[in-house]
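>>> kindly return the folded structure for what I paste below:
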Amino acid sequence: MAKQMLAVLGDFYHEEDRARSSLELAINQMKEPITITFATVLDLQNELSDKWDGVILFAENRLNPQDEQVETWMNEEAAEAIASFVKKGGSWLAWHSGLSSYDSVDTYTDMLKGSFDYHPKKHQVVRYSIDERSAYSSLESFSIVDEHYFVHCTAEPEEIFMHSSSVDGDSIAGWSHAYGAGKVVCLTPAHNEEGLTDPSFTRVLAAALHQL
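Now for the predicted structure:
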C-alpha cells in the first residue's frame, strides 16, 4: 500500500512549483509508492489525522515577511497538534524553509531538535557532506550554489547524517530522530531551482522520504 503523505509547500520566498518539481524527482527514484496530497499552512492543523503516514513541510512561519506587522501561521495550539500527530506515530519532514522562523514556537522546535538561525545574503557554493556512519552512507556528498542555512541543532551526533560548509562557515544540514512513536527528519537544502533539481540532492530527499 502506498504511503499517504500530506505536503505543504511554498511561501513568500520559496516557490511552491520548484518544491513540487523537486519532490516529484525524488519520488520517481523511490521503489515504494507514495501518494501526495497538498495543503496550505492555514489548512494544516485541521488536516492532521491518522489517515496520513507523514507530513512534508517546505514553508516558513511568516505569512507576510516584508510587511511592517508580520503575521505567523503557527501558534502553540498548532504546534501541539503537530507534536501530538508525530508522537502517535506520524512522520514529519522539516525541509529547508520548514525550519525557518519557528524559533519562537518551542513545542515545534523541541520536536525538531533544532531551528534555522540565519543565512548569508549572498548565495555561495555549499558543500553537503554525508556522514559515512549514517543510514545515508550510500549517497554521495555534493556541492550546489545555495542559500546556506545555519541552524541551531541539539540532535545527538549519531542522529546527524549531513553537514554543510561554504566560505561562510560550517553547519549541520541533516538530522533525524524518533519522537514518541513517530519520526522526524530535518533537511536544510535547497533554495534555488538548480539545487532543488540537482540529482545528488534529490537522491538525499528520496532517502529522507524513505525514512518517514
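>>> and the helices in this structure?
For the chain, helices defined by DSSP state H occupy the ranges 16-28, 41-47, 76-87, 106-112, 193-196, 199-211.
>>> from the contact counts, what lies against the fourth one?
In terms of contact count using 3 or more Cβ pairs under 8 Å, 6 or more residues apart in numbering; DSSP states H and E, helix 106-112 is assigned the packing partners helix 76-87, strand 91-95, strand 182-187. The way it works is simple: take the backbone N, C-alpha and C, and place the C-beta from them, glycine included.
>>> dump the longest strand along the chain to PDB, restricted to CA.
Longest strand of the chain, by residue count under DSSP state E: strand 169-179. Below are the C-alpha coordinates for strand 169-179, written out as PDB (Å, rounded to 0.1, in the frame of the first residue of the first chain):
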ATOM      1  CA  GLY A 169      31.400  28.600   7.700                       C
ATOM      2  CA  ASP A 170      30.100  25.100   8.700                       C
ATOM      3  CA  SER A 171      26.700  23.900   9.900                       C
ATOM      4  CA  ILE A 172      24.600  20.800  10.400                       C
ATOM      5  CA  ALA A 173      22.500  20.200   7.400                       C
ATOM      6  CA  GLY A 174      20.500  17.000   8.000                       C
ATOM      7  CA  TRP A 175      19.400  15.000  11.100                       C
ATOM      8  CA  SER A 176      16.700  12.600  12.100                       C
ATOM      9  CA  HIS A 177      15.300  11.100  15.300                       C
ATOM     10  CA  ALA A 178      12.400   9.300  16.900                       C
ATOM     11  CA  TYR A 179       9.800  11.400  18.600                       C
END
